[in-house]
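Asker: Give me coordinates for this.
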Amino acid sequence: MSIKRLLALPAIPLLAISLAACGNDSDAKPSKEEVANGIQSVLKPVMEEQVGSELADLLDESFYSCIVDEIYDDVSTDTLKALANGEANSLISADDQSEITEASGSCATKALTN
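Answerer: I've put the predicted structure just below:
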């Protein structure tokens, strides 16, 4: 593993904190693909700014899908909807934030060590 990859690992879970959620009237969960695309639309530009595009590009669709697979059944429907919509300006519950942060760290480690 390169030094750049090692340096990027601690930053990735912190970037997930910038993701946020807000409510919606519908009770249906968005699809996993919608959530992964929404997370990528918010997280990738932030990562490019903070760790550079070279490192951000190392995290492909499988990284975002991994996050969704780990959080989908554990976070609220409102959080999933906000993530799917790329909404990054509202607060999420501490429990959901913790789930997202843990999943992003775990998935980043997997992505960068493979």
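
Asker: In stretch 46-64, which residues are buried?
Answerer: 46-47, 51, 55-56, 58-59, 63-64 (16 or more other CB atoms under 10 Å). Every residue, glycine included, has its C-beta placed from N, CA and C.

Asker: Return the distance of it from the chain's centre.
Answerer: Centre-to-centre, stretch 46-64 and its host chain are 11 Å apart (CA atoms, centre = their mean, to the nearest Å).

Asker: from here on, count from 57
Answerer: I'll keep to 57 as the first residue from here, and by that count the last item is stretch 102-120.

Asker: now that stretch: mean pLDDT?
Answerer: For stretch 102-120, mean pLDDT is 85.

Asker: ok, now stretch 152-170?
Answerer: Across stretch 152-170, pLDDT averages out at 90.

Asker: just to revisit the earlier point, so of the buried residues of stretch 102-120, which ones are in helices?
Answerer: Among the buried residues of stretch 102-120, the residues falling in helices (DSSP state H) are 102-103, 107, 111-112, 114, 119-120.

Asker: Now flag whichever of the buried residues of stretch 102-120 is closest to Lys85.
Answerer: Comparing the buried residues of stretch 102-120 against Lys85 with CB to CB picks out Tyr120 as the nearest, at 16.5 Å.

Asker: wait, doesn't that closest one sit right on Gln96?
Answerer: Yes - the criterion here is CB atoms under 8 Å, and Tyr120 meets it with Gln96 at 4.6 Å.

Asker: circling back: farthest pair in the ones in helices among the buried residues of stretch 102-120?
Answerer: Pairwise over these, using CB to CB, the maximum falls at Val107 and Tyr120, 15.8 Å.

Asker: so where do the helices sit in this protein?
Answerer: 59-64, 67-72, 88-107, 109-114, 117-127, 133-140, 150-169.

Asker: what's the third one packed up against?
Answerer: What that stands for is helix 88-107. For helix 88-107, the elements it packs on are helix 67-72, helix 109-114, helix 117-127, helix 133-140, judged by 3 or more CB pairs under 8 Å, 6 or more residues apart in numbering; DSSP states H and E.
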